[in-house]
Every structure is written in structure tokens, then in C-alpha cells.
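> Have a look at this prediction, sequence included:
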Amino acid sequence: MGYGDRGGPEIILEGTEQMGWHLELCGDWKLEGETPRTAADWLEGEGAVLAAGKVLINAISVDGWDRRLVSFLFHLRRLLEERGLSVKLGILPAHAEEMLRLASVGRPTAGGDLNCPGKTGAKAKLTPMQNTIRPGLAYVGDIARGIGRCALGRSPIRRRDHGQIFRQVGVDALPIVALISFLTGVILGFVGVVQLARFGAAIYVADLVGIAMAREMASIMVAIILTGRTGAAFASTIGSMRVNGEIDALVTFGLSPVEFLALPRVLSLLFMAPILCVFSVFIGIGGGMAVVVPMFNLSAVQYLSETISAIGAHDFLFGVSKGAVFGLLIGGLSCWFGLRCDRSAEGVGAATTAAVVFGITAAIVADAIFSILGNLLGI
């Protein structure tokens, strides 16, 4: 028995349960043309007789093929093995067996065939917590391993990819970081002037602005900007790649989506966030100086001298260290939500929203922890 139309995919099924089954795939197995039929659909129809026994699958007679054939074979073998049948792959087209092996190693997520994104298969029988914690721990482990490989000079990431993402995260973000930091310094300057001018201590506004920017405001403002600007872009980009099947293609070719897509973005935020924090500190100090100097007829030299004497090296390093942690959290969370988004336009929007919300929340929680630890350790 078989199925298929002239020129299309065809499956010839012969044999018995006692003697064993033989499946011969023939015809044209390309995505062009008719809507692809899944392995589950075929088993519910012509393949319903395959309840027990041994199965030999050959595909040497196909006229043309692409990932449709590999996807069908992958899911057909899995479904037959779930029924308890013994499956053996015979003669396959050149390179198809290697692609099938890579797909098996990659362990694509549960769902329909790779060529049928609209189909959804049986979901993993895990509790919601298990379905989040286990992949989350695996994701953290992959990121940590990738960072270790980069430190040893064994990263598979191309330098050109690194440079493009670094420019997107760092250079392209300078204008908005400069604007927000300057206005933050102006606000702090006005707050300090209103309060300290009552005591004739306007010069100490420089201390207020400098310490606040170095320890707290620069890092938290950079974190919020990077979450809304860069983290959302990362989540939407990776989510769109998941919807379009590009991540499935990476898995099929044996490439890790975490190492190929997430790791360069996480590293870019890890290294660029502290640099943006340093930039933000100086711009914020300039904003405070723009308020205090003309209002109290102070010189820029007096203001900067007071600022330098107020800010210690530990204050500066404290804020920069927070920036690195915030960058790591934002990059990791945004890429995580992009890789885990649903395969729909609505799913991409939900992943982007979740990346922004959780990124800002994680940064503020981490900032509170830093403040508590800094107070306890006297930093």
C-alpha cells in the first residue's frame, strides 16, 4: 500500500507483522507545492497497520528532497519507536543520513514536523516548574561554558558578528545614554541646590551628584536604557528567527542556538554596560555642573575639584561592577525569552514584553542586593 500523487511524495508499505515491514519512500520530497503531510497523519491513515514488529526504511528512490524528507524520517522513526517497533534505516540519499543524525543530536523541541510550523505535537509531560527550571539551568550552563570557551580562545563566534553586536549595544546607544544621564545630573543638581542652599553649602552639590551618579544612578539608568532598547531588540530578533524556523535550521546543522545567537549578545552587554556606566557618570557630573556653576557663580575647576575629592575609587568600581552584572542579567534574560517564545507573531510580542519587564525587575533587585551588601561590607 502507499500514498502520494503523481510527482509528489509516495510511501510504499509492504510486509507483515511476523515477517517485518518494509517502507520505501519514492517521488519528490520537497517543500514546494502541496502542503506537507506529517508522519503522524500518515500513521493514523495508511500506516495504522504498523503496530508491532520490525521496520526497515529505505529512501534511495526519491526523485528530489530537502528538509521535508529529513523531518518526515525523524518524526516517523520517533513515533514508530514510541509504539514499540524496532526501526532500522536502510539506504538513504547522500547527506540525508548525516542531517538526520544531526537533528537527533540537537533534540528539537516537541511539536509538529520541522516543515510544518503550524502543527503542534504532544507537549512534554513536565510540570510547569520543571518545564522552566530544567531548560533554564541548561541555558545558564551553556552560557557559562560558552564564556569559558571564549576566555580560552576557543569561541566559534566570528569576530565580525561580535563587532556588529558591540556597535549596536555600545556606540548606537551613546546618544540616548548621554541625554538621559545629562538630565539625571541636572535633576540631582536642582534637588541638591534646593536643599543645600538653605545651609550655604551649595558647593557640596558636587559631592551629591558625583557620588549618586558613580554608585547608583549611572548603572541603574544604563540598565533601564539597555533593557528597553537592546534587550527588547534581542528578544524580538531571536523570537522572529524561531518563528521563521531559522533556529531549527541551526539545530539541524549541529549548531547550538545558545552559543551561536545568545552568547555574542550576552558578552556584548557584559562588556559594554560597564563602559556605558563610565560614560554616564561623566555626563551626569557635567549635568550637575551645568546647574550649580551658573547659579552660584562657582568655577568649573572648583566644582570638579570637589567632585574628585568626594568620589573614591571604591565608589567608582562599585558602580561599574553593578553595570557588568546588570548587563549579564539583561542579555541572558532577553535571549532566553527570545529562544523560548511561541511560534507566532503574538509570541514574539509577548517575549519582547517579558524581556523588558523581567530585565528591569532583575536589575532593580540586583541593585538592592548590591546596596545591602555594600552597606554590610562598608563599601
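Structure's in. What do you need?
> where do the strands sit along the protein?
When assigned using DSSP state E, the strands of the chain occupy the ranges 2-3, 9-16, 20-29, 54-65, 86-89.
> between these, which gets the lowest average pLDDT?
Mean pLDDT across the strands of the chain is lowest at strand 2-3; the value there is a mean of 50.
> Tell me how far the residue lying closest to Ala262 once chain neighbours are set aside lies from Ala232.
For Ala262, ignoring the flanking residues on the chain, the nearest one in space by CB to CB, 6 or more residues apart in numbering is Cys335 at 3.6 Å. (Each C-beta comes from the backbone N, C-alpha and C, glycine too.) Going from Cys335 to Ala232 by CB to CB, to the nearest Å gives 12 Å.
> which of those two has more neighbours?
Comparing Cys335 with Ala232 by neighbour count (other CB atoms under 10 Å), the higher total belongs to Cys335, at 27 against 20.
> Name all residues that make contact with the more buried one.
Phe234, Ala235, Ile238, Val258, Leu261, Ala262, Arg265, Val266 (CB atoms under 8 Å, 6 or more residues apart in numbering).
> Can you tell me, leaving aside adjacent residues, what's nearest to the second one?
When you say that, I think you mean Ala235. With CB to CB, 6+ apart as the criterion, Ala235 has its nearest non-adjacent residue at 3.7 Å, and that residue is Ala355.
> so who does that neighbour touch?
For Ala355, the contacting residues are Thr227, Gly231, Ala232, Phe234, Ala235, Leu333, Ser334, Phe337, Gly338, taking CB under 8 Å, 6+ apart as the criterion.
> how close does the fourth one sit to Thr352?
For Phe234, the distance to Thr352 under the criterion CB to CB works out to 9 Å.
> now do the last one
Shown here: Gly338 relative to Thr352, a distance of 8 Å by CB to CB.
> Which one's more surrounded, these two?
Each of Gly338 and Thr352 had its neighbours counted (other CB under 10 Å), and the higher figure belongs to Gly338 (30 against 23).
> The more buried one contacts Ala232, correct?
No. Gly338 is beyond contact range of Ala232, at 9.9 Å (criterion: CB atoms under 8 Å).
> what about the nearest residue to Leu25 once chain neighbours are set aside, how many neighbours?
Once its chain neighbours are removed from consideration, Leu25 has its nearest residue in Ala59; the separation is 4.0 Å (CB to CB, 6+ apart). For Ala59, the count of nearby residues is 23 (other CB under 10 Å).
> who touches Ala59 in this structure?
With contacts defined as CB under 8 Å, 6+ apart, Ala59 is in contact with Glu24, Leu25, Trp29, Trp65, Leu69, Leu73, Ile91, Leu92, Pro93, Ala96.
> Look up the closest residue to the fifth one, ignoring the ones flanking it.
What that stands for is Leu69. For Leu69, the spatially nearest residue (CB to CB, 6+ apart) is Trp29, at 3.9 Å.
> Kindly state the beta-bridge partners for that neighbour.
In this entry, Trp29 is beta-bridged to Trp65, by DSSP bridges.
> and the gap between it and Gly239?
Between Trp29 and Gly239 the distance, using CB to CB, works out to 30 Å.
> for Val222, same thing?
From Val222 across to Gly239, the span is 24 Å (CB to CB).
> go on, Lys30?
Distance, Lys30 to Gly239, using CB to CB: 28 Å.
> These two: who's more crowded?
More crowded of Lys30 and Gly239, by other CB under 10 Å: Gly239, with 28 against 18.
> Which pLDDT does the model give the more buried one?
91.
> Enumerate every residue touching it.
Each residue near Gly239 by CB under 8 Å, 6+ apart is listed here: Phe337, Gly338, Cys341, Gly347, Val348, Ala351, Thr352.
> Give me the buried entries from those residues.
Restricting these to buried positions leaves Phe337, Gly338, Cys341, Gly347, Val348, Ala351, Thr352, with burial counted as 16 or more other CB atoms under 10 Å.
> from those, which ones fall inside helices?
Phe337, Gly338, Gly347, Val348, Ala351, Thr352 (DSSP state H).
> Would you check the residues you listed and say which has the weakest pLDDT?
Ranked by pLDDT, these bottom out at Gly347 (86).
> does that residue really touch Val243, like I thought?
Yes. Taking contact to mean CB under 8 Å, the distance of 7.0 Å between Gly347 and Val243 places them in contact.
> Looks like Phe182 contacts Gly288 (just checking).
No. Proximity of Phe182 to Gly288 does not meet the contact threshold set by CB under 8 Å, at 9.4 Å.
> out of these two, which sits in the more crowded spot?
The neighbour count for Phe182 versus Gly288, taken as other CB under 10 Å, is higher for Gly288 (29 against 18).
> Leaving out chain neighbours, which residue sits closest to the more buried one?
With CB to CB, 6+ apart as the measure, Val209 is the residue that lies nearest to Gly288, at 3.3 Å, once sequence neighbours are left out.
> and that neighbour, what is it in contact with?
Residues in contact with Val209, defined by CB under 8 Å, 6+ apart, are Gly185, Leu188, Gly189, Gly192, Gly284, Ile285, Gly287, Gly288, Met289, Val292, Thr307.
> Show me the shaky parts of the chain.
Low-confidence segments of the chain, defined by pLDDT under 70, span residues 1-8, 32-37, 94, 102-132, 155-159, 161.
> Looking at the record's assignment, how would you partition it?
For the chain, whose domains are defined here by automatic domain parsing, the residue ranges read 2-106, 140-377.
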